[in-house]
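Engineer: After the sequence you'll find the predicted model.
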Amino acid sequence: LIELQMELQKIATQPNDLVPNDRETLMKMARRGEVVVLDVRPTEEYLATHLPFARSIPIDELRQRLAELPKDRPIVAYCRGPYCLMAIDAVELLRKEGFKSAHLRDGVAEWDVTEIR
């Protein structure tokens with residue numbers, strides 16, 4: 001419980017200025033290649049549903065696949081929702097490795113994927 005509380009505190013204090021306030025703007029930026037939307041959930045979940053323009057790199061593969069990601073564009077990671085820690089862990093790793101990164105507070109469940117394509 002203490003670990004969860006510490007992680008939630010970390011989420012609340014993380015700078016998230018790379019993530020636009022609205023979904024439509026984020027999707028426009030992703031469509032134009034201005035931002036990378038990164039789904040860090042397991043591959044099976046990505047295949048079931050994912051955000052438009054999202055790339056799949058599961059969190060347990062991220063360290064080995066960093067070379068696949070651009071360092072010249074922001075990376076916005078997401079997972080299952082506001083209490084999912086995979087995106088937080090991904091952002092922490094990406095920042096340590098020199099990437100501009102932020103997490104999307106919402107997960108795929110909070111988005112109506114059919115409306116934002």
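Structural biologist: Cool, got the structure. Numbers count the residues shown, from 1 in each chain.

Engineer: Which strand or helix spans the spatially most central residue of the chain?
Structural biologist: Central residue check for the chain by C-alpha atoms, centre = their mean: the C-alpha nearest the mean position is that of residue 77, 1.0 Å away. If you go by DSSP states H and E, residue 77 is part of strand 75-78.

Engineer: how about that strand: buried residues?
Structural biologist: The neighbour-count check on strand 75-78 (16 or more other C-beta atoms under 10 Å) flags 75, 76, 77, 78 as buried. Quick note: C-beta positions are derived from backbone N, CA and C, even for glycine.

Engineer: got a list of what the third one touches?
Structural biologist: Residues counted as contacts of residue 77 (C-beta atoms under 8 Å, 6 or more residues apart in numbering) are 38, 39, 40, 86, 87, 90, 91, 94, 101, 102, 103, 104.

Engineer: Repeat that for the first one.
Structural biologist: With C-beta under 8 Å, 6+ apart as the criterion, the residues that contact residue 75 are 35, 36, 38, 69, 94, 99, 100, 101, 102.

Engineer: Then residue 55?
Structural biologist: 36, 37, 38, 39.
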